[in-house]
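Enquirer: Fold the following for me, if possible:
(4 chains)
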2 protein chains.
Amino acid sequence: MEQYKHFLQEKAALTPEEIESLTSSLQSKTFRKGEFLLHAGEVCAYAFFVEKGLLRSFTIDETGKEHIIQFGPENWFVTDRSSAYFSEPSDFSIEAIEDTTVVLIDAAFISRASAAYPHFMRFNEKALQNHIRQLQKRINLLLSATAEKRYLDFIRLYPDLTLRVPQWMIASYLGITPESLSRVRKELAKNNFKPH
Amino acid sequence: MEQYKHFLQEKAALTPEEIESLTSSLQSKTFRKGEFLLHAGEVCAYAFFVEKGLLRSFTIDETGKEHIIQFGPENWFVTDRSSAYFSEPSDFSIEAIEDTTVVLIDAAFISRASAAYPHFMRFNEKALQNHIRQLQKRINLLLSATAEKRYLDFIRLYPDLTLRVPQWMIASYLGITPESLSRVRKELAKNNFKPH
DNA sequence: CGAGCGCTTGATTGAGTTCAAAAATCGTGG
DNA sequence: CCACGATTTTTGAACTCAATCAAGCGCTCG
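Expert: Sure, this is the predicted structure:
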C-alpha cells in the first residue's frame, strides 16, 4: 500500500491524514507470475494499482492471436475502464508477468474519494485525460509508423520494460510478429544501435 | 443551437429551463467547406459540437501524409481533448468537409455546468469514458484486422458517412492508401456485397 | 471547355507474415 | 550445481497484403 499512498500524495496533492482515512478501506493482493487478475468475459470490477511487479492486459482475436493492450509496472494502473465503468463483460484479460502486488480500487472507492476530496476528483479526471492522450498517441503510431519506429518509440518510453518483458510480448504490443521484431533488432544492431 | 439543446436534454437529463440557462452564454459559428476550425500547432480552445454539416480532424506525419483521426457529423463533438485539457499545442487540424455550423464549448463552460448540475457532470464523465472505449476499439482493429475488415467495420458503424465522405478520406481513416481501398471495394463488389 | 481532382486499374516493389528448424536461454528437479 | 526439457529468440525461404509508381477515365466547377 505504501507505493499507492506515496502516489496519491505526489499526484493528488492530498495530506497524509486524508490519505490514511481514504486508503483504510482498500485491500491489496498478491498474484504469482502467470496468475490471472481478470479473465476475458468477466466484468472488470477493479482498477489494479501495481505496488510491485508487472502486469499485462491483452485481448485474443478470433484467430486466437494475442494482442497486448498495456504493460503495468510499478505505479501504473491496469484495468479495462470501459468494462468497469459500463459494467460490461471485458474483452481483456489481465495477467501477472512477474509476482505482483496490487491495490484493488473499485468504482465505489473512486466516487467516495471524489465526493470527499476535490483534489482527488481532479486527480482522477487528469488520469482519464492522460489515458486518452496515450491511446491517441498509440493510434497515431499504428497509423503512420513502421515496425522499427514503433519499436524505437517503445524502448525510448519504457527502457526498463525492454529488459523485464519477453520479446514476443513486446512484438505483440507493437502489432508485429516475434520474428519481425527479431529482425528489426538485428538491423538496428548492425547499424550500431545500442539499447543499453 | 437547437441540436445541442436537444442533445443535452436526451443525454444529460437536464430540464428545458436548466438547458436554457446553461446555453445562453454559448456561441455558435458557421464554417464553409474547406475552412479550418483549428490548425495544428495552435492550442485547441473548444470542443466543437456539430449542429449541421461534417468535420474531420487529422494529423500530418513527418512524410507529409495525412491521417484522419475522426469524422464529426451532426450531434458529434470534435476536439483535441489533450490539447484542450492540458493547454498544449495540438497535433490536430480540424477542417469542415461540408458547410458546417458548430456550437463552441470551452473549458470554462464545462466546469461551470459541472459545478451547477451533477447531471451534466455525469454526462461529461460518460462522454469521456465513451471516448476511451472508442479509441480502445480502434486500437484493437488496427492491431488485428485486415484492410477489408476495417472497412466493413467502418461502413457498419457509419453507413451515412460512406456516402458523404470522399473515399480517399475513408482510406486515410482506415490507415490505408486510396488505391488499396478501391481494390478492397472492387473485391467486395465481385463477391456480391452491397453497401447500400 | 479545359484543368484539376477523385477514382480506378495495372505493374512492380517492399515490409512484414508464415512456416520450419536451429540456436540460445531459462527454470526446475535431481 | 548440473542437466534436461521447455520456452524464447534467431535465421532462412517462400509468400502475401498493401504501398508505390504510373497512366487513364470521368466528373465538376470555374
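
Enquirer: Spell out which residues of chain A are next to DNA strand D.
Expert: With C-beta under 7 Å from any atom of the strand as the criterion, chain A meets DNA strand D at residues A:166-168, A:178-179, A:181-183, A:185-186. The way it works is simple: take the backbone N, C-alpha and C, and place the C-beta from them, glycine included.

Enquirer: where in chain A is pLDDT low?
Expert: For chain A, the stretches flagged by pLDDT under 70 are A:192-196.

Enquirer: where exactly do the helices run in it?
Expert: For chain A, the helices defined by DSSP state H cover A:2-12, A:16-23, A:81-86, A:107-116, A:118-144, A:147-157, A:159-164, A:167-174, A:178-190.

Enquirer: Out of those helices, which gets nearest to B:Phe120?
Expert: Evaluated with C-beta to C-beta, the helices of chain A place helix A:118-144 nearest to B:Phe120, the distance being 14.2 Å.

Enquirer: So in terms of bridging, what pairs with the residue lying closest to A:Tyr4 once chain neighbours are set aside?
Expert: Distances taken as C-beta to C-beta, 6 or more residues apart in numbering or on different chains put A:Val103 closest to A:Tyr4, at 4.7 Å, once the chain neighbours are dropped. On DSSP bridges, the residues paired with A:Val103 through beta bridges are A:Ser28, A:Phe49.

Enquirer: So which residue is dead centre in chain A?
Expert: Central residue of chain A (C-alpha atoms, centre = their mean): A:Gly72, 3.5 Å from the mean position.

Enquirer: and the gap between that residue and DNA strand C?
Expert: As judged by C-beta to the nearest atom of the strand, to the nearest Å, A:Gly72 and DNA strand C stand 19 Å apart.

Enquirer: quick one: that residue and chain B, what's the gap?
Expert: Distance of A:Gly72 to chain B, computed by C-beta to the nearest C-beta, to the nearest Å: 15 Å.

Enquirer: I'd like the distance from that residue to A:Arg56, if you could.
Expert: Counting by C-beta to C-beta, to the nearest Å, the separation of A:Gly72 from A:Arg56 is 7 Å.

Enquirer: which neighbours do the two share?
Expert: Common contacts of A:Gly72 and A:Arg56 (C-beta atoms under 8 Å, 6 or more residues apart in numbering or on different chains): A:Val78.

Enquirer: Quick check: closest non-adjacent residue to the residue in chain A that DNA strand C sits nearest to.
Expert: Residue nearest to DNA strand C within chain A (C-beta to the nearest atom of the strand): A:Ser180, separated by 2.9 Å. Leaving aside its sequence neighbours, A:Ser180 sits nearest to A:Ala147 (C-beta to C-beta, 6+ apart; 5.8 Å).

Enquirer: neighbours around that neighbour, how many?
Expert: Using other C-beta atoms under 10 Å in any protein chain shown, A:Ala147 has 16 other residues around it.

Enquirer: just wondering, since we're on it, how far is it from A:Asp106?
Expert: 38 Å.

Enquirer: cool, A:Lys33 as well?
Expert: To A:Asp106, A:Lys33 is 25 Å away according to C-beta to C-beta.

Enquirer: Who has more neighbours out of those two?
Expert: Between A:Lys33 and A:Asp106, counted using other C-beta under 10 Å, the more crowded position is A:Asp106 (15 against 12).

Enquirer: if I pick the closest residue to that one other than its chain neighbours, what's in contact with it?
Expert: Computed as C-beta to C-beta, 6+ apart, the closest residue to A:Asp106 that is not its neighbour in sequence is A:Tyr46, at 5.4 Å. Applying C-beta under 8 Å, 6+ apart to A:Tyr46 gives the contacts A:37, A:79, A:84, A:104-106.

Enquirer: Let me know the closest of the residues you listed to B:Arg112.
Expert: For these, the closest approach to B:Arg112 (C-beta to C-beta) belongs to A:Ala84, at 28.4 Å.

Enquirer: and the closest one, what does it touch?
Expert: A:43-47, A:107.

Enquirer: From A:Ile110, how far off is it?
Expert: A:Ala84 sits 9 Å away from A:Ile110, going by C-beta to C-beta.

Enquirer: Need the overlap of contacts for the two.
Expert: Counting by C-beta under 8 Å, 6+ apart, the residues touching both A:Ala84 and A:Ile110 are A:Ala47.

Enquirer: quick one: contacts for A:Ser21?
Expert: A:Ser21 makes no contacts at all, as judged by C-beta under 8 Å, 6+ apart.

Enquirer: Check the gap between it and DNA strand D for me.
Expert: For A:Ser21, the distance to DNA strand D equals 43 Å [C-beta to the nearest atom of the strand].

Enquirer: ok, that residue to A:Tyr117 distance?
Expert: Distance, A:Ser21 to A:Tyr117, using C-beta to C-beta: 10 Å.

Enquirer: A:Glu179 too?
Expert: On the measure of C-beta to C-beta, A:Glu179 and A:Tyr117 end up 50 Å apart.
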